[in-house]
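**Student:** prediction below, plus the sequence it came from.
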Amino acid sequence: MAENNSVKKVSTSLLQKRWRKFKTLKRGYYSFLAILILYIISFIFPLFVGRNALLVKYNGDYYFPLFKTYMSTDLGQTKDAYGEANYRILNQEYKEADKGNWVFLPVYPFGPNENLLNELEGNPPHPPSAEHFAGTDDRGRDVFARLLYGFNIGISFALVVTLLSYIIGVAIGSSLGFYGGKLDIFGLRLIEIWSTLPFLYVIIIISSILQPNFLLLTFILTLFGWIGITYYMRGEFYREKARDYVSAAVSMGAENKTIIFKHILPNSLTPIISYAPFAIVANIFSLVSLDFLGFGLPPPTPSWGQLMQQGLSNIEHWWLIATPLISLFLTLLCITFIGEAIREAFDPKVYSRLR
Amino acid sequence: MKPENILEIKDLKVKFPVTGGLFLKKIAEVKAVDGVNLELKKGETLGLVGESGCGKSTIGKAVINILKFSSPDVDITGQVNMRTDDGEVDILSLSNNEMRKYRGLIQMIFQDPYSSLNARLSVGQIIEEPLLYHTKMNKSERMERVAWLLEKVGLQAEQSKRYPHEFSGGQRQRIGIARALATNPKIIIADEPVSALDVSIQAQVINLMQELQSEFDLSLLFVAHDLSVVEHISSRIAVMYLGNIVEIGPGYDIYHNPIHPYSRALLSAVPLPNPKRKDKERVILKGDVPTPMNKPSGCGFRTRCPIAKKECADFVPPLELKKTDHFAACPYVQ
């Protein structure tokens, strides 16, 4: 075997190094993969979990209920034949009739907002069973499906709010730290005044005037969520501005925007990145709390907070409170693990107690 | 401006306000540089020495006009005239925007090779940065220039893809030198460029700077606190104490026959690597350097001067010609 001496040493930037370190921190890395994969899959949940069939063959024609709504009469449903087609009933009827018609259902054929009272015996909430993994809620909707769809909404909401508040917070914090002087003094006082506004009261007041929806809630939470990162960025900019590489950039003739975006900002990423998972945790929690209190997303949006609230009022039906709590706990735990691993990966000291 | 000069500093004063109280009123000021006149001749190396806090780095930073960026409250008066293609320009009267087009002519080498390179950029990106601002080169021309510069400073062209954290302190300082040379500047301010390096590396970097100086026809303002380093590289040396220049003259002369009592004390503190040599008398100063917030009246050195007289408190001694090209700010020595 010929020895290859000309192997080039591959150079790594600091971020690449940190990413490698992050990958060695198994707990955080696997949590990251789990959350990331589950979140990506959650966008195609209708393929696995949902009331609509993926494909229907009826009288020789093919139908795609995922993309178009069909009435029950269109497909020859006889039982409960009103409104939209019910593909589970359709499936049974086609099988009984045995005329070559068939329905291809998702693996878990129940939707998050679907009322199952007609198909289930007894009064809701129904306890968990082989068919309904987590039972149904007090309106006969499948809890498992609601949990999964709620996951997508919760994470998306937290990501959007975090991103928006980061944009605002980083912009304001950077300006305060970079320009300093009077802007800094007065800017900080304004931020202090703003941060004393009681967040929950504002939400309650706005919710009582306007019907909250995804956009409005994002807007309100962003309005109160940008302050934390602002302080971090201001401090980072103050510190980095005094470092020699910034003086070097000035002495080379760099303009302020180059200094900010090419020099200081990339060197101030550590707080941005290591703060992000915790900001996401906080935002998921905010949404759950608002939903719990009834000021969150409008019904019938599947949400964990709303499920918990049901659980509280139906405390004897344990699955209503246990399943959202366990889901929330696991999600937040995973994200916290990610945050810890990121923090450690960005720690210049080699120190691995958290592993 | 004299024809042989490329840079003239006239009566430069730099004061940093000290603020305090609830409304951050100015309660005192630090006179970091208190009326300095200096001339940098074309192609020469002017060594600027003095102990910590005497204002030598501040002069370097004032000359390159970056003080106002890091401390906007600073009060700078005087003139720093630089010879450019458009004639003489007073650097201090320029705003940062106006200064930008002259930045290619005057560059700086920083003291700390660790903090003076942006850790997020590769070496190639670091060295090419001044080229982006001062030349119209395209990407491949810039990369060619970077490779050439890297080899000039004793590194390899392939190393331009590496990041600063993959280099040692001496190599990083070479990168800093390459960056300063990128735009073919006329003047380089070297702010203690070797004080953060090992002694063996210091010699390499100093020799490199000397080679490059003759090759690039540079005028060098070399700030340092280590006299033996300065003596090695400088054609002239200026000694500073508490924001004033107390002695200035040819390098050899200052090093071997210092006139001013402070220079004598400073020189006698230079460690000699010869255990047998005992002929040298140590001049040991008493007390500490007074704070530049509250300088003594008259001669700043009088509180520690072995030959101080009562009259020293009455006037600031001007620089007097003592020998050829050799000035000292003390009327009681020859």
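**Tutor:** Structure's in. What do you need?
**Student:** where does the stretch 201-350 of chain A dip in pLDDT?
**Tutor:** Scanning the stretch 201-350 of chain A for pLDDT under 70 picks out the ranges A:348-350.
**Student:** the helices in it, which residues?
**Tutor:** Taking DSSP state H, counting those that start in this stretch, the helices of the stretch 201-350 of chain A run over residues A:214-225, A:227-241, A:244-252, A:256-258, A:265-267, A:269-293, A:304-313, A:318-345.
**Student:** just name the most buried of the ones you listed.
**Tutor:** Highest mean neighbour count of the helices of the stretch 201-350 of chain A: helix A:244-252, a mean of 24 (counted as mean count of other CB atoms under 10 Å in any protein chain shown). Every C-beta, even on glycine, is put in place using the N, C-alpha and C of the backbone.
**Student:** what packs against it?
**Tutor:** Helices and strands touching helix A:244-252, as assessed by 3 or more CB pairs under 8 Å, 6 or more residues apart in numbering or on different chains; DSSP states H and E, comprise helix B:67-70, strand B:106-109, helix B:123-134, helix B:169-181.
**Student:** which one of the ones you listed is the most hemmed in?
**Tutor:** Of those, strand B:106-109 is the most buried (mean count of other CB under 10 Å), at a mean of 28.
**Student:** strands paired with it, and their directions?
**Tutor:** strand B:187-191 (parallel) (DSSP bridges).
**Student:** from the contact counts, what lies against the helix or strand following the strand it pairs with?
**Tutor:** Following strand B:187-191 in sequence order, the next helix or strand is helix B:199-216 (DSSP states H and E). Counting contacts by 3+ CB pairs under 8 Å, 6+ apart, helix B:199-216 is packed against helix B:169-181, helix B:227-233.
**Student:** quick check, A:Asn314 in contact with A:Pro127.
**Tutor:** No: using CB atoms under 8 Å, A:Asn314 is not in contact with A:Pro127, being 11.6 Å away.
**Student:** more neighbours: which of those two?
**Tutor:** A:Asn314 (16 against 13; other CB atoms under 10 Å in any protein chain shown).
**Student:** relative to A:Thr136, how far out is the more buried one?
**Tutor:** Computed as CB to CB, to the nearest Å, the A:Asn314 to A:Thr136 distance reads 11 Å.
**Student:** what does the stretch 251-355 of chain A have sitting close to chain B?
**Tutor:** Within the stretch 251-355 of chain A, the positions near chain B by CB under 8 Å from any CB of the partner chain are A:251-255, A:262-263, A:266-267.
**Student:** and B:Lys25, what are its bridge partners?
**Tutor:** B:Gly20.
**Student:** relative to B:Leu94, which of the helices of the stretch 201-350 of chain A is closest?
**Tutor:** helix A:244-252 (13.0 Å; CB to CB).
**Student:** ok, back up a step: out of the helices and strands packed on helix B:199-216, nearest to chain A?
**Tutor:** Evaluated with CB to the nearest CB, those place helix B:169-181 nearest to chain A, the distance being 7.3 Å.
**Student:** one step back: list residues touching both of A:Asn314 and A:Thr136?
**Tutor:** In terms of CB atoms under 8 Å, 6 or more residues apart in numbering or on different chains, A:Asn314 and A:Thr136 are both contacted by the residues A:Pro125.
**Student:** what's the residue closest to the geometric middle of chain A?
**Tutor:** A:Ile155 (0.5 Å; CA atoms, centre = their mean).
**Student:** is the helix or strand containing it in proximity to chain B?
**Tutor:** Take DSSP H and E as the rule and A:Ile155 turns out to sit in helix A:143-179. No: judged by CB under 8 Å from any CB, helix A:143-179 makes no contact with chain B; its nearest approach is 9.0 Å.
**Student:** near chain A, which residues of the stretch 51-200 of chain B? Just list them.
**Tutor:** So far as CB under 8 Å from any CB goes, the stretch 51-200 of chain B lies against chain A at B:61, B:64, B:66, B:69-70, B:72, B:96, B:99-101, B:103-104, B:107-108, B:110-112, B:115-122, B:129-130, B:133-134, B:161-163, B:165-166, B:176, B:179.
**Student:** count the neighbours of A:Val160 for me.
**Tutor:** Neighbour count for A:Val160, taken as other CB under 10 Å: 17.
**Student:** next, count neighbours for residue 99.
**Tutor:** In the absence of a named chain, this looks at chain A. Counted with other CB under 10 Å, A:Lys99 comes out at 11.
**Student:** looking at chain B here, not the other one
**Tutor:** Neighbours of B:Met99 (other CB under 10 Å): 21.
**Student:** what about the strand or helix carrying it, average pLDDT?
**Tutor:** Following DSSP H and E, one finds B:Met99 within helix B:96-99. Mean pLDDT, computed over helix B:96-99, is 86.
**Student:** neighbouring contacts of that helix?
**Tutor:** Here helix B:96-99 has contacts from A:250, A:253, B:65, B:68-69, B:91, using CB under 8 Å, 6+ apart.
**Student:** columns distance to B:Ile254 on top of the residues of the stretch 251-355 of chain A next to chain B, output as CSV?
**Tutor:** Below are those laid out as CSV (distance: CB to CB, whole Å):
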residue, distance to B:Ile254
A:Ser251, 29
A:Met252, 33
A:Gly253, 35
A:Ala254, 37
A:Glu255, 41
A:Lys262, 42
A:His263, 39
A:Pro266, 45
A:Asn267, 41
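**Student:** for stretch A:312-328, C-alpha coordinates in CSV please.
**Tutor:** Extracted in CSV, the C-alpha atoms of stretch A:312-328 (Å, rounded to 0.1, in the frame of the first residue of the first chain):
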residue,chain,number,x,y,z
LEU,A,312,-57.1,20.5,34.5
SER,A,313,-60.9,20.7,34.2
ASN,A,314,-61.2,16.9,33.7
ILE,A,315,-58.6,15.9,36.2
GLU,A,316,-60.0,12.4,36.5
HIS,A,317,-59.2,11.7,32.9
TRP,A,318,-55.4,11.4,33.4
TRP,A,319,-54.4,11.1,29.7
LEU,A,320,-55.6,14.6,29.0
ILE,A,321,-53.1,16.1,31.4
ALA,A,322,-50.4,13.5,31.2
THR,A,323,-49.8,13.3,27.5
PRO,A,324,-49.3,17.0,26.8
LEU,A,325,-47.2,17.4,29.9
ILE,A,326,-45.0,14.5,28.9
SER,A,327,-44.7,15.8,25.4
LEU,A,328,-43.9,19.3,26.6
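**Student:** what's the burial count for residue 20?
**Tutor:** I went with chain A, as the question did not name one. Quick note: A:Arg20 (other CB under 10 Å) scores 11 neighbours.
**Student:** not quite, go with chain B.
**Tutor:** Neighbour tally, B:Gly20, other CB under 10 Å: 11.
**Student:** surely it and B:Glu29 touch.
**Tutor:** No: counting by CB under 8 Å, B:Glu29 is not a contact partner of B:Gly20; they are 11.8 Å apart.
**Student:** and the residue of the stretch 201-334 of chain B closest to chain A?
**Tutor:** At 13.2 Å from chain A, B:Leu221 is the closest residue in the stretch 201-334 of chain B, using CB to the nearest CB.
**Student:** pretty sure that residue is in a strand, no?
**Tutor:** Yes: under DSSP: H, G, I helix; E, B strand; the rest coil, B:Leu221 sits within a strand.
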